[in-house]
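Peer 1: When you get a sec, could you give me coordinates for this:
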Amino acid sequence: MTLRTLLFGKPLRSDTEAEEQIGPLQGVPVLGLDALASASYGPEAALTVLLVIGAAASREIVAVSAAIVGLLLILYFSYRQTLAAYPNGGGSFTVARDNLGANAGLLAAAALAVDYILNAAVAISAGVGAIVSAIPPLLPYTLVLCLATLTLLTVINLRGVRSAGLVFMAPTYAFVVTLTIVIVYGIVRTVAAGGYPQPVTPPPHPGQTATGTATLWLLLRAFASGCTAMTGVEAVSNGVPLFRPPTVPHARQTLTAIVAILVLLLGGFAILVRAYGITATIPGQPGFQSVVSQIVAAVVGQGVFYYVTMTAVLMVLALSANTSFADFPRVCRVLAADRYLPAEFARRGSRLVFTNGILVLAVLAGLLLVAFGGITDRLIPLFAVGALLAFTMSQLGMVAHWRKSGEPNRVAKMTVNAFGAMATTMALAIVTISKFSHGAWITVFVIPGGVLLLRRTKHFNEEIAAITRAEGALDVTNLAPPIVVIPLRRLDQVGRKALRFALTVSPDVYVVQVLAEELDTEDLQAQWRERVEEPVRRQLGVAAPQLILIRSQYREFFGRFLAWVRELTAAKPDRQVIVLIPELVHGRWYQFLLSHRATRLKARLLLEGGPHVSVMSTPWYPDLSPARSQTRWWAMRTRRLHRSMRSPGRRNAGLAPCPSETSARGPTP
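Peer 2: Alright, predicted model coming up:
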């Protein structure tokens, strides 16, 4: 078993895709971790804003949480309709593009992409931050732990959606069960105590006493901070194709479960915060304790159950970036299908996941973590802007969708989405204004920049497609054998193989030796007649390859050789030129670092050679003995691969047969 197979699993055939699809039970951890984890830091962000009113903050959080829950329910009913209207995946980009136009779709896609990248970095940072706060000796290793967590999430997601769901099920449902027990038990104690229960472990006292009622602007700022609790709600609409049939009912069940759990957590936390008089503590200051930690300690104390619950919370916080890994590659896939991104983003890897999207997300999130040293609190204000903008574009797109629809109950559905659009637009305005000076201004510039980049990419792709488009029958007139050019330093086994191959391709072969004071350079001119010209004329009866000697006064090989190739193409503009490069192929990757001359030459020929120059290689494997380098041994070595190519699964998938199959059964019709 190779290391690749051990880490990522065996490759999956395309016809096994159904085995990788998931149901609602796995859908919650795969697509809902971000939303569920945000219930931990959303209320805390709102209470931190309300710190200025002291103990009165615990009273005002109820109204703020009620507004957030109300907006969340509006989004829930709106997205249920989106799931039914777009069963193949109704992400914000698709809905906005189909109903509002390309620019609106790009705005939604850029907002969503920024949100996913920020979520991946901030979620990992928040989880690791919670861990190092619980275990202070780990604080110097914050960045290392962040990058390790990012690597773990990347590997798990590269293994496939089903693997990710199985890995994340245990911590997700432990998180839900333990916090549900805390909320239910805390509410029971509150009712039994007449609304004023005695905390088992008293929470930290606020820095000041209650100072009266909060102003409207302060409540709006708290609402804007608390809206981070809604990030990730749109994930299910992007990931509908992940579900096994019937996809829409399963997607709706997953969305219902995520929203129901989120409403329970937000509402339950708000009730317990008020009942137990809990307020936020100042982050980074001595005595800091998260709001969730205070709630659990106040309800059940700091015994075994406290540590079990907080362990589940910390694990979900650290792993909540998985929502980005599940949806960001699918957003990239949809954009690539419309040529807004390179086509590679639309290609699935060996485990039926969009590998390139996962890797790009990992790299971008890693750069953010490194840039901020693993402490990304300053990025939190940017969170809700991208998510709410995507929500708004999706809701407006659905309003336009129902206006054009012929369904009998379209008015009622349009009303739901219109109300959702109004609510998210108001929330977006509040968040942008209140958080503008705290970093939201960055998003205001980054998202339009992303839109411009996507448009330029599509323009480039369409321009290339127009240039390379060809119609009609293949033109086979004025064909002539190419001129073969071989750069050579010495006539060793590698060079001999290139010469033998060149003589089968064309009668016009040039061997070019650039004398640039390089080591291991033979005097080819002295031995050329005896070792090359005479054997070729005597045994083949054709013109021998011509030896060209070029002296480089400045000991430079690449420039002198390229200049000669350009002179050749200028002198014979009606002929194609093949530069045949003798190349050593080493068995170890690190050996490439010591010998990469051929790669450099190929790159420069492709960039500077011109349209008449093609590049080929004749590989020589120094790790193989001369006997083993023969075709017969190589064919025996690859027999096992040919057997796999002849397997029924390959034939059923409609793949081309291997050469042995073609020769035995005739060409495929």
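Peer 1: how much space between V182 and L36?
Peer 2: Distance from V182 to L36, counting by Cβ to Cβ, to the nearest Å: 14 Å. Heads up, the C-betas are built off the backbone N, CA and C, glycines and all.
Peer 1: If you could redo that for M414, that was the one I meant.
Peer 2: With distances defined as Cβ to Cβ, the gap from M414 to L36 amounts to 31 Å.
Peer 1: Looking at those two, which one has more neighbours?
Peer 2: L36 (24 against 19; other Cβ atoms under 10 Å).
Peer 1: per-residue pLDDT, that one?
Peer 2: The confidence metric pLDDT takes the value 88 at L36.
Peer 1: Contacts only, for it.
Peer 2: With contact taken as Cβ atoms under 8 Å, 6 or more residues apart in numbering, L36 is in contact with V28, T172, F175, V176, I258, I261, L262, L265, V316, S320.
Peer 1: and what of A544?
Peer 2: When contacts are taken as Cβ under 8 Å, 6+ apart, A544 is in contact with V532, E533, E534, V536, R537.
Peer 1: just curious, which of these is nearest to L143?
Peer 2: Distances from L143 to the contacts of A544, taken as Cβ to Cβ, are shortest for V532 (59.7 Å).
Peer 1: Next one: the residue nearest to P43 when sequence neighbours are not counted from L454, what distance?
Peer 2: Leaving out its chain neighbours, the residue that sits closest to P43 by Cβ to Cβ, 6 or more residues apart in numbering is F269, at 5.1 Å. F269 sits at a distance of 38 Å from L454 (criterion: Cβ to Cβ).
Peer 1: likewise E234?
Peer 2: Computed as Cβ to Cβ, the E234 to L454 distance reads 19 Å.
Peer 1: Compare the two and say which is more crowded by neighbours.
Peer 2: E234 (28 against 23).
Peer 1: Next one: that one from L83, what distance?
Peer 2: From E234 across to L83, the span is 11 Å (Cβ to Cβ).
Peer 1: So the residue nearest to F93 when sequence neighbours are not counted, which state does it fall into?
Peer 2: For F93, the nearest residue in space outside its immediate sequence neighbours is A109; the separation is 3.8 Å by Cβ to Cβ, 6+ apart. The assignment at A109 comes out as helix when based on DSSP: H, G, I helix; E, B strand; the rest coil.
Peer 1: in the stretch 451-600 of the chain, which ranges drop under the pLDDT threshold?
Peer 2: The stretch 451-600 of the chain contains residues with pLDDT under 70 at 589-595.
Peer 1: Show me where the stretch 51-200 of the chain has its helices.
Peer 2: Applying DSSP state H, counting those that start in this stretch to the stretch 51-200 of the chain gives helices spanning 57-85, 92-100, 102-134, 142-158, 161-192.
Peer 1: okay, the ones you listed in TSV with mean neighbour count next?
Peer 2: Converted to TSV, those look like this (neighbours: other Cβ atoms under 10 Å):
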stretch	mean neighbour count
helix 57-85	21
helix 92-100	25
helix 102-134	25
helix 142-158	19
helix 161-192	18
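Peer 1: wait, which of these is closest to S437?
Peer 2: Taking Cβ to Cβ as the measure, these were each checked against S437, and helix 102-134 came out nearest at 18.1 Å.
Peer 1: any idea of the mean pLDDT in the closest one?
Peer 2: Per-residue pLDDT values over helix 102-134 give a mean of 85.
Peer 1: chain center to it, what's the gap?
Peer 2: Helix 102-134 has its average C-alpha position 12 Å from the chain's average C-alpha position, going by Cα atoms, centre = their mean, to the nearest Å.
Peer 1: From the contact counts, what lies against that helix?
Peer 2: Packing partners of helix 102-134 (3 or more Cβ pairs under 8 Å, 6 or more residues apart in numbering; DSSP states H and E): helix 24-49, helix 92-100, helix 142-158, helix 304-319, helix 322-337, helix 355-371, helix 380-404, helix 440-468.
Peer 1: between those helices, which one is nearest to P622?
Peer 2: Judged by Cβ to Cβ, the one of those that comes nearest to P622 is helix 355-371, at 31.8 Å.
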